[in-house]
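S.K.: I need the structure of the sequence given here:
(one chain, ligands or ions: 1)
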Amino acid sequence: MDSGLKRELEDKISAGERLSFDDGVALYETDDLMWLGQLAHAKRTELNGDAVYFNVNRHLNMTNVCSASCAYCSFQRKPGEADAYTMRIEEAVRLAEAMAPEGLTELHIVNGLHPTLPWRYYPKSLSELRATLGPNVALKAFTATEIHWFERISGLSADEILDELIDAGLSSLTGGGAEIFDWDIRKQIVDHDTHWEDWSRIHRLAHSKGMKTPATMLYGHIEEPRHRVDHVLRLRELQDETGGFITFIPLRFHNDNNRLSHLPMATGAEALKTFAVSRLLFDNVPHVKCFWVMHGLTTAQLSLNFGVDDLDGSVVEYKITHDADGFGTPDKLTRTDLLDLIRDAGFVPKERNTLYEVIETFDGPDPERRQKPQSIGA
Ligand code: SF4
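M.R.: Numbering: from 1, shown residues only. Down below sits the predicted model:
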């Protein structure tokens, strides 16, 4: 990128002007990662100061049986496969009961599109989970793809489905099922019927009922930067209309046990660029989140200087050494490790709930830790 264009983009951003599609593509073309990081960092600081949010949540997948076979998916199984499973509602409740003493404030529930489970299973699960976990644990459940699937299996409209799920205890939809909205890319990797039209219809409807929802983007597979820009701009336009998106979550594609396993994975630099450009383009979403399990702890920590203000992933009190991705990334962090990770990057950790209301503000950077090599779990 020549210095003239750089100056033009800097001026536009500092004047608070909205970036265009071409601006977004140009930002992806720069090799000056630190320049891009500074621009994104200024925007995240304007919105969130020196806070880095995290919440104590757990993930629950009640079934991995799915009618679809999306090319990037490592999770789905077909009925009868050795490791296919579907929980009885009592099993899901027992699991949730075991998680409750860990101080969680959110249960994140997504499932496969099960071919034969009846619609009643879903509101019944929620109401029993709600009864078990009480009112202080938000049930963030189901992607827009699942809601669209429920329309098909129940004969009800999304409006009726959401009302029933809200009555049963639903706090928020999840942001999944978005992947990449551009049709030329989407038709090659997504194997179900929920595309931009239905995904946006369902989130718009959720927003109209007062719900705040996250939005995701799966990047680093067969898409190009222009498809990421298009994805974010669609969301930005919907956000102008509803104001209902609370956070944006770029998710790095993993080439693990799926039909795209032959592809290489995005590098740390590519991830940082994606966070930074997303922060700059999606100017009306309050938060940008890094799911550290999918990015590794090193990239996650650096992302805090590239537009990210929220680190997501399970936090526990005691160390568990399971390796989430085969590259040494744990699938859970202790609270102390997470606090150190945030402080060592120069930020103030804040535990939040699903709506980003602050539960506790912790001490910021600890100068004593600068006297020796900073490490996680030392
Ligand atoms: S809908 Fe696609 S991404 Fe979701 S579980 Fe099924 S195959 Fe995986």
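S.K.: quick one, phi/psi of the residue positioned nearest the centre of the chain?
M.R.: When C-alpha atoms, centre = their mean is applied to the chain, the residue found nearest the centroid is residue 249 (3.9 Å). With angles defined as degrees, to the nearest 10, residue 249 sits at phi -130, psi 100.
S.K.: Check residue 81 too.
M.R.: Backbone dihedrals for residue 81, given as degrees, to the nearest 10, come out at phi -70, psi 150.
S.K.: Show the model's pLDDT score for it.
M.R.: Here, the pLDDT recorded for residue 81 equals 94.
S.K.: Likewise for residue 318?
M.R.: At residue 318, the pLDDT value in this model is 55.
S.K.: how much space between the residue nearest to the centre of the chain and the ligand?
M.R.: 15 Å (C-beta to the nearest ligand atom, to the nearest Å). The C-beta positions use only the backbone N, C-alpha and C, and glycine is treated the same way.
S.K.: And residue 164, by the same measure?
M.R.: For residue 164 relative to the ligand (C-beta to the nearest ligand atom), the value is 22 Å.
S.K.: again with residue 19
M.R.: In this structure, residue 19 lies at 30 Å from the ligand, with C-beta to the nearest ligand atom as the measure.
S.K.: Can you tell me the closest non-neighbouring residue to that residue?
M.R.: Once flanking residues are discounted, residue 19 sits nearest to residue 281: 5.4 Å by C-beta to C-beta, 6 or more residues apart in numbering.
S.K.: on that earlier part again, contacting residues around the residue nearest to the centre of the chain?
M.R.: Neighbour list for residue 249: 175, 214-217, 288-291, 312 [criterion: C-beta atoms under 8 Å, 6 or more residues apart in numbering].
S.K.: Using JSON lines, please lay out these together with neighbour count and pLDDT.
M.R.: Shown next, in JSON lines, are those (neighbours: other C-beta atoms under 10 Å; pLDDT from 0 to 100):
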{"residue": "175", "neighbour count": "24", "pLDDT": "98"}
{"residue": "214", "neighbour count": "24", "pLDDT": "98"}
{"residue": "215", "neighbour count": "29", "pLDDT": "98"}
{"residue": "216", "neighbour count": "21", "pLDDT": "98"}
{"residue": "217", "neighbour count": "22", "pLDDT": "98"}
{"residue": "288", "neighbour count": "26", "pLDDT": "98"}
{"residue": "289", "neighbour count": "24", "pLDDT": "98"}
{"residue": "290", "neighbour count": "29", "pLDDT": "97"}
{"residue": "291", "neighbour count": "16", "pLDDT": "93"}
{"residue": "312", "neighbour count": "22", "pLDDT": "87"}
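S.K.: Now for the residue nearest to residue 19: which residues touch it?
M.R.: Applying C-beta under 8 Å, 6+ apart, we find residue 281 in contact with 19, 23-24, 27, 229, 232-233, 236.
S.K.: And it, its phi and psi?
M.R.: phi -80, psi -40.
S.K.: which parts of the stretch 151-300 of the chain sit against the ligand?
M.R.: Contact residues, the stretch 151-300 of the chain versus the ligand (C-beta under 6 Å from any ligand atom): residue 192.
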